[in-house]
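A.B. asks: Have a look at this prediction, sequence included:
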Amino acid sequence: MSTLVTGVTGQVGIGFLPRLLAQARPGEQVRVLLRDAARADRLADLGADVVLGDLRDTEALGKALAGVDAVVNIAAAFRGVPDEEVWAVNRDAALELARAALASGVRRFVQVSTNLVYGAGRGRPHTEDDPSVPGGPMWTAYPQSKAEAERGLLALDGLDLRIGRLAYVYGEGDPHLAAVTRWTAHWPATKRFHLVHVADVAQGLLRLLYAPGADGRVYNIADDAPVTALELHQLLGADLPAEGVDADPWHGLVSTDRIRRELGYRPQYPTLRSARDAGAL
């Protein structure tokens, strides 16, 4: 299978691409669409076929999609960019990429999404069949745009679509985990936070990419044990979070039963503590 991957310079892509390349069989090609020419040589040295261009560039999309069998769309915009950019990348560019893939004869499409699309809590872990319910402390343009992208992609005829909804990604030098304590400091100490190590994101996405009969399926990708704000701050050596009652204790928590049962997913790092003890933060 020849595969096009977008978003390879973000933390998820940095963790996924080498693992995809490592298990590629002879004759299989891994192509990446890259905006930053300065990074092209490094990715080529890893074994990737590099196409320079932007997701919103029709000519670049045509070159990137030529001859590939599958797409893994990791590209995303979320922190520190205007909402217009978030919508343009997360929804509009994802849909354009999928339409271009269909026009080029590509059928398999793995879309990377977020567990934040569920919105408000349900009084239990979210399952993949739960609809989005706008609300909750992190309902911003990011989950809204990802939710709309999912709906648009699912409506496309002929697309073998697989959607992976990620918990909060960390590990292998990702600075976001330490940065997160700036806002979890204001959470009640008992509020739980669902995480997933970048190695397990890669594992989950590889399973989505290669699984037969997974078209049209959505999968939560997360670790086994959400961490409380208190535990998070203690493990990272940060000041303890606020006291108080969590108004939405199930917000952002997901069930991984489907991906475990259907695709054999088992986290390499089932908890934040296990990753810390293994030196994998």
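C.D. replies: Great, that's in hand.

A.B. asks: ok, how many other residues are close to Glu150?
C.D. replies: When counting by other CB atoms under 10 Å, one arrives at 21 neighbours for Glu150. Using the backbone N, CA and C atoms, a C-beta is placed for each residue, glycine as well.

A.B. asks: and it, how far is that from Ala199?
C.D. replies: For Glu150, the distance to Ala199 (CB to CB, to the nearest Å) stands at 24 Å.

A.B. asks: before we move on, what about Ala100?
C.D. replies: Applying CB to CB to Ala100 and Ala199 gives a distance of 30 Å.

A.B. asks: For burial, what's the neighbour tally of Arg182?
C.D. replies: 9.

A.B. asks: who's in contact with it?
C.D. replies: By CB atoms under 8 Å, 6 or more residues apart in numbering, Arg182 lies in contact with nothing.

A.B. asks: What of Leu61?
C.D. replies: Going by CB under 8 Å, 6+ apart, Leu61 touches 33, 53, 55, 96-97, 100.

A.B. asks: Can you read off the backbone torsions of the nearest residue to Pro134 once chain neighbours are set aside?
C.D. replies: Counting by CB to CB, 6 or more residues apart in numbering, Gly119 is the residue found nearest to Pro134 once chain neighbours are left out, at 5.0 Å. Dihedral pair for Gly119: phi 80, psi -130, per degrees, to the nearest 10.

A.B. asks: Could you give the number of residues near Gly119?
C.D. replies: Residues near Gly119, counting by other CB under 10 Å: 22.

A.B. asks: If I look at it, what pLDDT would I see?
C.D. replies: pLDDT recorded at Gly119 is 96.

A.B. asks: Repeat that for Pro267.
C.D. replies: For Pro267, the pLDDT comes out at 98.

A.B. asks: if I look at Ile259, how far off is Arg217?
C.D. replies: For Ile259, the distance to Arg217 - CB to CB - is 9 Å.

A.B. asks: just Gly252 next, same as before
C.D. replies: Gly252 sits 21 Å away from Arg217, going by CB to CB.

A.B. asks: do Ala64 as well
C.D. replies: Counting by CB to CB, the gap from Ala64 to Arg217 is 25 Å.
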